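> need a structure here:
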Amino acid sequence: MKETNIQSVNSLDLPELQPYRTLRRPLEHIQQGIFVAEGEKVVRRLLASNLSIISLLMTPEWLDALSTDSQLTTHHSPITVYLADHKLVETIVGYNLHQGIMAVARVPENPTLESLMNTIPSPFLLVALDGLVNSENIGVIVRNCAAFGVQGIIVGETSSSPYLRRAVRNSMGTVFKIPVVHVLHLAETLTTLQQKYSTTVIAAHPHEQSSIHQTDLSQNTCIVFGHEGLGISKEILDVCSKHVAIPMENETDSLNVSSASAVFLYEAHKQRAKGVECRA
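The predicted structure follows:
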């Protein structure tokens, strides 16, 4: 591990370890342009990504495990590893979740909509977030996006960042694989998608008669998901091409937004797979 700087620590008071001491203040981390990754799977996916890693904090056991499969030495840049014993790492909140292995990395530079559109092929599938504030829901939506082939996530001005700690954790690190575009005015961005990039903008709106199963999701599509309780704002609903619902029974009027995203994205993925079969 010639490019890995390993330092043993017996205290968390070092300034470099400040992000690990402040896990409960993720908004401060976002303001600093950093995020924390927790747990083996998320950290391994971070190491396999092209993101800039500032440091790792782990117990010696995890160092042995990562050294065995060379994940530390194969990362594209040198990494500083802080080693701490089990009892010290246990003092950090949420040990059962971070498992004694964490990393601090830089939030990637925010791409523009134009740069995203220049890198993805048609027919493309995008997701937009309007007013989503629960980071755990956002993380699950990101994971669903990765699972069903979404090529980019557009985060509106009223939504939380997918790089908040709990969002990263609930995405299981899949956020490292999908471009995330933060925009200052989501309504204008969706209008641009429609007018410049021939995109059908679908509002996932539970109180509509139009069914997801009768809606074409196989072409250039952006699906909008809204606030956990209030849904999609009127401003955004007004610019969407279609308002579409998931048919439900037993007087169920809506699903949790992360569950609804799985249904919408699976339907889109299924339709696109059939399209590929037809073109083959």
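
> From now on I want contacts and neighbour counts done on CA atoms only, so please keep to that.
Fine.

> hey, where'd the strands end up in the stretch 101-250 of the chain?
Using DSSP state E, counting those that start in this stretch, the strands of the stretch 101-250 of the chain run over 101-106, 125-130, 152-155, 180-182, 200-204, 221-226, 242-244.

> For residue 165, give its distance to residue 62.
Going from residue 165 to residue 62 by CA to CA, to the nearest Å gives 21 Å.

> So between the two, which is more surrounded?
residue 165 (25 against 16; other CA atoms under 10 Å).

> Hmm, residue 39 and that one touching each other?
No. If you go by CA atoms under 8 Å, residue 165 and residue 39 don't touch, sitting 11.4 Å apart.

> which ones are touching residue 140?
By CA atoms under 8 Å, 6 or more residues apart in numbering, the residues touching residue 140 are 167, 170-171, 258.

> now with 10 Å?
Residue 140 makes contact with 146, 162, 166-172, 174-175, 257-259, 261-262, according to CA atoms under 10 Å, 6 or more residues apart in numbering.

> for residue 85, same thing?
Applying CA under 10 Å, 6+ apart, the residues near residue 85 are 8-11, 58-61, 100.

> And the furthest pair within those residues?
Largest separation among the contacts of residue 85 by CA to CA: 11 and 61, giving 18.1 Å.

> who has more neighbours, these two?
residue 61 (14 against 11).

> a helix runs through the more buried one, doesn't it?
Yes. Assessed by DSSP: H, G, I helix; E, B strand; the rest coil, residue 61 belongs to a helix.

> Return the per-residue confidence for it.
pLDDT, residue 61: 91.

> I figured it was touching residue 100, is that so?
Yes. In terms of CA atoms under 10 Å, residue 61 counts as a neighbour of residue 100; the distance is 9.2 Å.

> shared neighbours, the two?
With contacts taken as CA under 10 Å, 6+ apart, residue 61 and residue 100 have 85-86 as neighbours in common.

> any idea of the angle the host helix or strand of residue 271 forms with strand 221-226?
Element membership for residue 271 (DSSP states H and E) is helix 257-279. On the basis of axes from the mean of the first three to the mean of the last three CA atoms, to 10 degrees, helix 257-279 is oriented at 170 degrees to strand 221-226.

> Which of the contacts of residue 85 are buried? Put it as a ChimeraX command.
Those of the contacts of residue 85 that count as buried under 16 or more other CA atoms under 10 Å are selected in ChimeraX with:
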select :58,59,60,100
